[in-house]
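**Student:** Dropping the sequence and predicted coords here.
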Amino acid sequence: MSRFLVLTLNGLTQGAIYAAMALALVMIWRATKVINFAQGAMAMFTTYLALFAIDHGAPYWLGFIVALLSGLILGAIVERVIVRPVESAPPLNIVILTLGLLLFFEALAPMAFGGQIRSFPPAFSIVGVHLGNSQVAFSPFDAFTLGSVLAVMVLLLVLFQKTNLGLRMRASAFNPEVSRLLGIRVGRMLTLGWALASLVGALAGVLIAPTFLLYPTFMDQVLVYGFTGAVLGGLDSAVGAVIGGLLMGFALSYVGGYLGSDLETVGALVILIAVLMVRPRGLFSLQRLREV
Amino acid sequence: MLEVIDLTVAYGPVVALHGVSLTVADASITTVLGANGAGKTTLLRTISGLTRPRGGSVRLDGRDITRLAPEEIARLGVAHVPQGQGVLAELTVDENLRLGGLWRRDPRGQRVALAEAYDLFPPLANRRHVAAYSLSGGERQMLSVGRALVARARVLLLDEPSLGLARLVFAQIMARIKTLVTERGLTVLLIEQNAKGALSVANEGIVLHLGKVVARGRAQQLLSEEGLRHVYLGF
């Protein structure tokens, strides 16, 4: 199998995870105009919770559900308890608050679960499947990763585009004040938005843990890549976030494969700077559609 | 009946409303007139709960709603159409209209109300699935009034609906609103700088100047008061 194809398949799987992280960031950005820098740390924490459940005899699937559910709950708690009280403060205050939250979770995790590097079991084999005589660089777990990210995205799309609840959530994100005048309980919509975003982040964490190994800062890199993907896609576009995340997966896979894996982080930085210089609005920003 | 009693609102040291009282009778249009900075928008924002007053109260059918959140006041049937119409530009016309009545959790009533809104404003029906940012000013105004209709609002608070509209379009929309007042008993509080246009559709008029009521009376009577027109209304 050609090297290029191997790197592309690898990039697709990694990209799906970055896309999930990017989507989580964009969901919160759209609802509250805040970059949640704690998104990765929250996902790290929920992944530890999943491992904790598995350590105590739970099957993988239960651990998976623990990760997603605890993500949902953690997101709601963070919004209600931490973000809500400073809602009307300048955005910078909230951003600094999320940075504080990042440090908090990264300090809490070693205390709660121990600081040593842990391995996380995959749901399926991570060995490439055989097609005829040759082995393909695409494992059943890769398929599971792609499938579950895709499933969550489709569910979110249906929720936002086809349901009344999604309509209320979109309205609250676009214009909270007008939404309140329409009788929408915007506060609840924000809590739900944070909860769902945090669930998507938790999914990214639990999916990448088997390849990355689990330690308190293991999501930092994913957060940076997801953030770059989100900026690439335009920050306020969910579709853009997904495409940006996938592009990051491919780009970093090629950088790592052809130039050396040490350069992946540098590659992300270069992409981030290039986007900000050439097209600061990102590829899919809705900004130009907005009325002044 | 909407009652505002001795309302005082301040932004820090700046007093925007100074002991303002007014009553809007059911099934009538009351207009509040005044120049920029008279406190008109503050008055509407305080009634709908967006701004907290320093003193005084707002009552809806005798019930004190002064401390309620805006979304709860909306659910009591008060529809506030803010300046610039408060249309959600990124959403379609249909989505905007539906949002008006979602909290009622009454899908059947919702369908009827939507049909009524489209009947009342046929231009909207043609643009049902178009994003609201592409609407003209007049269509946006129709959309926000239609949305209040879908919400089954009993009280309509309009903040400068004439702003940016051609005179004829404004007159058409006000004629529709008048129909709603006579046929459904809609209660309207209309804020305007365009005093002449507002007084010609309203039953009662109130003139605000620097946060205080300086004149009130029947709309026809205010229209004919020379001194008032020159000093406060500028026509």
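**Tutor:** Sure, I can see it. It should be emphasised that the depicted structure is a prediction, and the values quoted were computed from it without experimental measurement.
**Student:** Not counting residues beside it along the chain, what's closest to residue B:95?
**Tutor:** In space, and not counting its chain neighbours, residue B:95 is closest to residue A:167: 5.8 Å by C-beta to C-beta, 6 or more residues apart in numbering or on different chains. In short, each C-beta sits where N, CA and C put it, glycine included.
**Student:** what's around the one you found, how many residues?
**Tutor:** 21 (other C-beta atoms under 10 Å in any protein chain shown).
**Student:** do residue A:91 as well
**Tutor:** 12.
**Student:** circling back to that earlier point, contacts only, for the residue nearest to residue B:95.
**Tutor:** Going by C-beta atoms under 8 Å, 6 or more residues apart in numbering or on different chains, residue A:167 touches B:91, B:95, B:98-99, B:102.
**Student:** Sticking with residue A:110, tell me its helix or strand.
**Tutor:** helix A:91-113 (DSSP states H and E).
**Student:** CA atoms only for stretch A:181-194, dumped as CSV, please.
**Tutor:** Provided in CSV are the C-alpha atoms of stretch A:181-194 (Å, rounded to 0.1, in the frame of the first residue of the first chain):
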residue,chain,number,x,y,z
LEU,A,181,-38.6,38.7,23.9
LEU,A,182,-40.0,35.7,22.0
GLY,A,183,-40.5,33.8,25.2
ILE,A,184,-37.4,31.5,24.8
ARG,A,185,-35.7,30.6,28.0
VAL,A,186,-32.3,31.5,26.7
GLY,A,187,-30.5,30.4,29.8
ARG,A,188,-31.6,26.8,29.5
MET,A,189,-30.6,26.8,25.8
LEU,A,190,-27.1,28.0,26.7
THR,A,191,-26.7,25.3,29.3
LEU,A,192,-27.9,22.7,26.8
GLY,A,193,-25.5,24.1,24.2
TRP,A,194,-22.5,23.8,26.5
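**Student:** Can that stretch be said to contact chain B?
**Tutor:** Yes: Stretch A:181-194 reaches chain B (C-beta under 8 Å from any C-beta of the partner chain) through A:181-186.
**Student:** which residues touch the spatially closest residue to residue B:9 that is not a sequence neighbour?
**Tutor:** Closest residue to residue B:9 apart from its sequence neighbours, by C-beta to C-beta, 6+ apart: residue B:17 at 4.2 Å. The contact partners of residue B:17, taken as C-beta under 8 Å, 6+ apart, are B:7-9, B:39, B:42-43, B:46, B:53, B:211.
**Student:** Of the residues of stretch A:181-194 next to chain B, which is the most crowded?
**Tutor:** Result: residue A:182 is most packed of the residues of stretch A:181-194 next to chain B (other C-beta under 10 Å), 31 neighbours.
**Student:** on that earlier part again, the helix holding residue A:110 - contacts with which helices or strands?
**Tutor:** helix A:39-55 (3 or more C-beta pairs under 8 Å, 6 or more residues apart in numbering or on different chains; DSSP states H and E).
**Student:** Which is the succeeding secondary structure element to the helix it packs on?
**Tutor:** Assigned by DSSP H and E, the successor of helix A:39-55 is helix A:60-77.
**Student:** in that next one, what counts as buried?
**Tutor:** A:60, A:63-64, A:66-68, A:70-72, A:74-76 (16 or more other C-beta atoms under 10 Å in any protein chain shown).
**Student:** same check, this time on stretch A:102-119
**Tutor:** For stretch A:102-119, by 16+ other C-beta under 10 Å, it's A:102, A:105-106, A:109, A:113, A:118.
**Student:** Quick one: neighbours of residue A:190, just the number.
**Tutor:** When neighbours are counted by other C-beta under 10 Å, residue A:190 comes out with 23.
**Student:** isn't there a helix covering it?
**Tutor:** Yes: under DSSP: H, G, I helix; E, B strand; the rest coil, residue A:190 falls within a helix.
**Student:** does it really touch residue A:171, like I thought?
**Tutor:** No: using C-beta atoms under 8 Å, residue A:190 is not in contact with residue A:171, being 11.9 Å away.
**Student:** wait, is residue B:3 part of a helix?
**Tutor:** No: Residue B:3 is assigned strand when assessed by three-state DSSP, not a helix.
**Student:** tally of neighbours for it?
**Tutor:** 16.
**Student:** and what of residue A:147?
**Tutor:** For residue A:147, using other C-beta under 10 Å, the count is 11.
**Student:** Kindly report the same for the one 5 residues further on.
**Tutor:** For residue A:152, the count of nearby residues is 18 (other C-beta under 10 Å).
**Student:** do you know how far it is from residue B:33?
**Tutor:** 54 Å (C-beta to C-beta, to the nearest Å).
**Student:** One more: residue B:7?
**Tutor:** 17 Å.
**Student:** out of those two, which sits in the busier spot?
**Tutor:** Applying other C-beta under 10 Å to residue B:7 and residue B:33 shows that residue B:33 carries more neighbours, namely 29 against 25.
**Student:** Show the pLDDT at that one.
**Tutor:** The model reports residue B:33 with a pLDDT of 91.
**Student:** who's in contact with it?
**Tutor:** Per C-beta under 8 Å, 6+ apart, neighbours of residue B:33: B:40, B:192-193, B:195, B:198-199, B:205-208, B:222, B:232-233.
**Student:** one more time with 6 Å, if that's ok
**Tutor:** Going by C-beta atoms under 6 Å, 6 or more residues apart in numbering or on different chains, residue B:33 touches B:192, B:195, B:207.
**Student:** roughly how far apart are residue A:57 and residue B:82?
**Tutor:** Residue A:57 is 57 Å from residue B:82, by C-beta to C-beta.
**Student:** Between those two, point out the one with more neighbours.
**Tutor:** residue B:82 (21 against 7).
**Student:** Around chain A, which positions in chain B sit nearby?
**Tutor:** B:70-71, B:74-75, B:80, B:86, B:88-90, B:95, B:99-100, B:102-103, B:133 (C-beta under 6 Å from any C-beta of the partner chain).
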